[in-house]
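Undergrad: attaching a predicted model along with its sequence, questions to come.
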Amino acid sequence: MKIALLGGTFNPVHYGHLLIAEAAREIYRLDQVVFVPAGLPPHKKRPLTSAKHRLAMLRLAIRGNAAFKINDWEIRRKRVVYTYETLEYFRRQVPRTSLYFIVGSDSLKNLPRWREAKRLPSLCRFITMKRILPYASHNLRRRVRQALSIRYQVPEAVERYIRKHRLYKKPE
């Protein structure tokens with residue numbers, strides 16, 4: 001079995017995330033892509049949007065794709081969790097699985113500065129995907145705040161959820 005993890009704050013999840021996950025699944029013939037939303041990301045300030053909302057949007061976004069799963073292990077830790085810890089957790093959960101970690105090409109250059117960076121290659125294989133430039137969560141949050149359209153940038157169900165719960169109305 002081949003499983004890839006895709007971490008992030010997913011604040012909000014958008015088509016860029018989904019396209020990268022699907023492309024990696026297809027190119028590397030993955031059985032599953034597991035979205036691992038961060039509770040308290042080590043490299044960003046705490047998300048203003050609650051983990052509950054981010055998880056709900058992620059569930060809506062991946063609905064209908066049997067190869068996409070979500071694991072909220074990092075959120076349940078209620079602390080900063082580093083990639084090596086997540087990889088160790090998954091190694092224990094699925095020891096006989098080929099484990100991959102999807103990372104943006106821009107993040108790859110920072111890999112030597114990641115916590116326990118030297119251990120990472122023994123825990124997984126990295127899949128590098130180029131970010132899809134029109135999609136950026138901070139731009140989507142700004143557009144919502146400015147009452148601009150986010151149509152065709154997030155799944156319809158995610159857009160409805162954002163509007164219903166009045167997310168991203170306050171400045172970050």
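TA: Received the coordinates, thanks. This structure is a prediction, so every number in the text was calculated from the model and none was measured. Numbers count the residues shown, from 1 in each chain.
Undergrad: show me where the chain has its helices.
TA: Under the criterion DSSP state H, the chain contains helices at 15-27, 51-62, 73-77, 83-93, 105-108, 120-123, 137-145, 156-164.
Undergrad: can you say which of the ones you listed is nearest to E172?
TA: helix 137-145 (6.6 Å; Cβ to Cβ). Quick note: C-beta positions are derived from backbone N, CA and C, even for glycine.
Undergrad: picking that back up, export the helices of the chain as CSV, with columns for mean neighbour count.
TA: As requested, the helices of the chain are exported to CSV (neighbours: other Cβ atoms under 10 Å):
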stretch, mean neighbour count
helix 15-27, 18
helix 51-62, 19
helix 73-77, 17
helix 83-93, 17
helix 105-108, 12
helix 120-123, 14
helix 137-145, 17
helix 156-164, 16
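Undergrad: how about low-confidence regions in the chain?
TA: For the chain, no stretch is flagged by pLDDT under 70.
Undergrad: show me what contacts the closest residue to A136 other than its chain neighbours?
TA: Counting by Cβ to Cβ, 6 or more residues apart in numbering, G16 is the residue found nearest to A136 once chain neighbours are left out, at 7.5 Å. By Cβ atoms under 8 Å, 6 or more residues apart in numbering, the contact list for G16 reads 131-132, 134-136.
Undergrad: from K130, how far off is G16?
TA: The spacing between G16 and K130, counted by Cβ to Cβ, to the nearest Å, is 10 Å.
Undergrad: so who does the closest residue in space to L60 that isn't next to it in sequence touch?
TA: Nearest non-adjacent residue to L60, counting by Cβ to Cβ, 6+ apart: A157, 4.0 Å away. By Cβ under 8 Å, 6+ apart, A157 lies in contact with 60-61, 63.
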